[in-house]
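**Student:** Next one to model:
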Amino acid sequence: LFEYVEPNFVGHGHGYSQTTPNDTFFNRQWSHYNDGTFSLSNSTVDADIDSELAWDITQGNSNLIIAILDSGLKLDHPEFAGRIWTNPSEVQDGSDTDSNGFIDDINGGWDFVNNDNNPTDDHGHGTNVAGIAVASGNNSNGYAGVNWNSKIMVCKILDDNNSGLYSWWADAIYYAVDNGASVINLSAGGNGSSTLLENAINYAYNNNVVIVVSTGNQNSVIQYPARYTNAFAVGSTDSDDTRSAPFFWSSTSGSNFGPELDFVAPGNYIYGLSYSSNTNFNTYWGGTSQAAPHVAGLVSLLLSVDSNLTVDQKRTI
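**Tutor:** Numbers count the residues shown, from 1 in each chain. Predicted coordinates for the structure are as follows:
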């Protein structure tokens, strides 16, 4: 009756496509695609986050909001064109139209340093960090961020010296969560523990918002608020898949480490955008600050595929 009986298995072609963007300087972005030829540091093939394979699946949902808590943003940079979050409930009339506690917070977000509605970058750190996570890709210009489509909420929490009060950071976390951000990147830290800041981190978690935090660059213990349980604490790796120690700018620096560490991501010799020029693409940064937005961008891609994931599910994935 039968010559043989066997399952009708499912097979797959032995090939993978990869979305390689046409951004002018994509070849410098070893963090996305490392072919071992990066010249500024020892480089290992595939010591990267495989962004080009993720981009085959999604380049980011345009309805999703990513909050960048940093020194602000160059709001008119072409790499962010059409991407800046606008508050649909606010009207430019000199009052707090939507009763969220912030007057005329229409375009971009809020400056918690100067307490106004202009979160423009006056240092450079924020524009670089934001570019890593969300610079528009495949636009024949500059660099590709991890997420090419989602909206960018800008919360300025660092001044022109790259410093900020914990109270600014906490207020910005509440603002981002309350105004619809799904992912928060906080590339900053300090040595003091703070109940105010931990409560803000927990508020994000309890509202199903991932907050990604850099661990610090002191080659020592992880700083706050990355040390808190509900933060995603991110350390930095080099282009040869080793912990960044040192970073290129100091022989005593290094990616902070310890039991609170959750993830590592590329963070040394990371080329990016300038806060003072739309055409200067020749600067690079190094630090856990540059590692964190790779993770924030990745989380935003996960959410772009499945918006119902919990914080814990995102962490596990």
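**Student:** Residue 188 touches residue 216, doesn't it?
**Tutor:** No. Judged on CB atoms under 8 Å, residue 188 makes no contact with residue 216 at a distance of 9.1 Å. (Each C-beta comes from the backbone N, C-alpha and C, glycine too.)
**Student:** Shouldn't residue 234 be within a strand?
**Tutor:** Yes. Residue state for residue 234 (DSSP: H, G, I helix; E, B strand; the rest coil) corresponds to a strand.
**Student:** Residues in a beta bridge with it, which ones?
**Tutor:** Listed by DSSP bridges, the beta-bridge partners for residue 234 are residue 214, residue 263.
**Student:** got the phi/psi numbers for the closest residue to residue 32 other than its chain neighbours?
**Tutor:** Here the nearest residue to residue 32 in space, its sequence neighbours aside, is residue 51; by CB to CB, 6 or more residues apart in numbering that works out to 3.9 Å. Summarising the backbone geometry of residue 51 under the convention degrees, to the nearest 10, its torsions are phi -60, psi -40.
**Student:** what's the burial count for residue 51?
**Tutor:** Residue 51 is surrounded by 25 other residues when neighbours are defined as other CB atoms under 10 Å.
**Student:** Can you spell out which helices and strands pack onto the helix or strand hosting residue 129?
**Tutor:** Counting by DSSP states H and E, the element that carries residue 129 is helix 125-134. Applying 3 or more CB pairs under 8 Å, 6 or more residues apart in numbering; DSSP states H and E, one finds that helix 125-134 makes contact with strand 65-70, strand 151-156, strand 270-272, strand 283-285, helix 288-305.
**Student:** Residue 104 and residue 90 touch, don't they?
**Tutor:** Yes. Shown here, residue 104 and residue 90 form a contact pair, counting by CB under 8 Å, at 6.4 Å.
**Student:** how about the helices in the protein?
**Tutor:** Taking DSSP state H, the helices of the chain run over residues 51-54, 125-134, 166-178, 195-206, 288-305, 311-316.
**Student:** So for residue 234, which of the ones you listed sits nearest?
**Tutor:** Proximity of the helices of the chain to residue 234 was assessed by CB to CB; the nearest stretch is helix 288-305, lying at 4.5 Å.
**Student:** ok and that closest one relative to helix 125-134, angle-wise?
**Tutor:** The directions of helix 288-305 and helix 125-134 differ by 40 degrees, with axes from the mean of the first three to the mean of the last three CA atoms, to 10 degrees as the criterion.
**Student:** Identify each buried residue in helix 288-305, please.
**Tutor:** Going by neighbour count (16 or more other CB atoms under 10 Å), the buried part of helix 288-305 is 288-304.
**Student:** Touching, residue 301 and residue 148? I think so.
**Tutor:** No. Counting by CB under 8 Å, residue 301 stays clear of residue 148, with 9.7 Å between them.
**Student:** So for those two, which residues contact both of them?
**Tutor:** 59-60 (CB atoms under 8 Å, 6 or more residues apart in numbering).
**Student:** Count residues in the vicinity of residue 41, would you?
**Tutor:** Here the neighbour count serves as a burial measure; for residue 41 (other CB under 10 Å) it reads 15.
**Student:** pLDDT score assigned to it?
**Tutor:** In this model, residue 41 is scored at 95, pLDDT.
**Student:** Identify the residues contacting residue 271.
**Tutor:** 25, 28-29, 143, 281-284.
**Student:** in the sheet, who's paired with it?
**Tutor:** As for beta bridges, residue 271 partners with residue 284 under DSSP bridges.
**Student:** Can you tell me how far it is from residue 23?
**Tutor:** For residue 271, the distance to residue 23 equals 11 Å [CB to CB, to the nearest Å].
**Student:** Between the two, which contacts overlap?
**Tutor:** Counting by CB under 8 Å, 6+ apart, the shared contacts of residue 271 and residue 23 are residue 143.
**Student:** which one is residue 288 nearest to, not counting chain neighbours?
**Tutor:** Excluding its sequence neighbours, the residue lying closest to residue 288 (CB to CB, 6+ apart) is residue 214, at 3.7 Å.
**Student:** Can you give me the neighbour number for that neighbour?
**Tutor:** As a measure of burial, residue 214 has 32 neighbours, counting by other CB under 10 Å.
**Student:** And the pLDDT at it?
**Tutor:** Per-residue confidence at residue 214 stands at 97 (pLDDT).
**Student:** cool, and the one 5 residues further on?
**Tutor:** Reported pLDDT at residue 219 in the predicted model: 98.
**Student:** That one and residue 243 touch, don't they?
**Tutor:** No. Distance between residue 219 and residue 243: 9.3 Å, which falls outside the contact criterion (CB under 8 Å).
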